[in-house]
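Asks: With the sequence up front, the predicted model follows.
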Amino acid sequence: MSQGALITFEGPDGGGKTTQMGLLVPWLQSQGYAVLATREPGGTSIGESIRDLVHDCAHTEMTSVAEILLYSASRAQLVGEVLRPAVVTGSLVLCDRYFDSTYAYQGYGRGLSLEMLRMVTGFATGGLVPDLTLFFDVPPAVGLSRRQCSGEALNRLDREALDFHRRVREGYLELVAEEPERWRVIDATASVAVVQDSVRAVLSNWLLLRRN
Ligand code: TYD
């Protein structure tokens, strides 16, 4: 059985990480890896219900604390039901967002205490930390205009002011600086094909180093 790993995909909205993850899955499978792709919030039946609730634009009254606890509840369910079992049985688990989104959006974006967020996150994840995290970096204005052009419905967080999204990006860059060995920064301003080439190069290197 090959060694399992948790690989998370992070970045501002409209960075294209979901598209990139979709392209990466068959490529990894073609190399013989067992791959499981999932997302946050969501990834389980309970998590998808929480996703609908937390992203519903009608819920303008949602408090920041309620928001954190909802994301964390979805995360706790995903860790217990999907992530841990899949990593233990040797899969490469790709997760579209994980706790770094909470630090970036709720911590740096909304200004909530990082210490408190780390405590809640530790409780929700039982200490499951990604082995590798890819940061899809795009300037917030580019990301937002991509989202607006994609025809996808904008969720509650997309509607935040541009300033909020700038703080989120700065937050991500601080998280990268704190733990450079876990993170790889991908320039996500290029075309889908070029970005996918970078992602595959990063993954190939990382998987090779891990084997040795
Ligand atoms: P989604 O539609 O999945 O956007 P994307 O394709 O950009 O990932 O919505 C996820 C939104 O939820 C995104 O705006 C970030 C936000 N979010 C948080 O604020 N905190 C979190 O902990 C998570 C997981 C997501």
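Replies: Right, received. Where do you want to start?
Asks: how far away is residue 45 from residue 187?
Replies: 36 Å (C-beta to C-beta, to the nearest Å). Placement of C-beta: from N, CA and C, glycine included.
Asks: now swap in residue 83 and tell me
Replies: 28 Å.
Asks: who has more neighbours, those two?
Replies: residue 83 (26 against 11; other C-beta atoms under 10 Å).
Asks: Now do the buried residues in stretch 89-99.
Replies: 91-99 (16 or more other C-beta atoms under 10 Å).
Asks: Tell me the one of the residues you listed nearest the ligand?
Replies: residue 97 (4.2 Å; C-beta to the nearest ligand atom).
Asks: got the contact list for the closest one?
Replies: The contact partners of residue 97, by C-beta atoms under 8 Å, 6 or more residues apart in numbering, come to 8-10, 39-41.
Asks: neighbour-wise, which of those residues leads?
Replies: Going by other C-beta under 10 Å, residue 9 tops the contacts of residue 97 with 29 neighbours.
Asks: Mind checking which of the contacts of residue 97 are in strands?
Replies: If you go by DSSP state E, the contacts of residue 97 have 8-10, 39 in strands.
Asks: need the contacts of residue 97 in a markdown table with pLDDT and distance to residue 207, can you?
Replies: Converted to a markdown table, the contacts of residue 97 look like this (pLDDT from 0 to 100; distance: C-beta to C-beta, whole Å):
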| residue | pLDDT | distance to residue 207 |
| --- | --- | --- |
| 8 | 98 | 16 |
| 9 | 98 | 16 |
| 10 | 98 | 19 |
| 39 | 98 | 22 |
| 40 | 98 | 23 |
| 41 | 96 | 28 |
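Asks: So which of these is the closest to residue 191?
Replies: residue 9 (18.0 Å; C-beta to C-beta).
Asks: ok, back up a step: so which pair among the ones in strands among the contacts of residue 97 is furthest apart in space?
Replies: 10 and 39 (11.9 Å).
Asks: mind putting the contacts of residue 97 in a markdown table, distance to the ligand included?
Replies: Listed next are the contacts of residue 97 as a markdown table, based on distance: C-beta to the nearest ligand atom, whole Å:
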| residue | distance to the ligand |
| --- | --- |
| 8 | 10 |
| 9 | 8 |
| 10 | 9 |
| 39 | 6 |
| 40 | 4 |
| 41 | 5 |
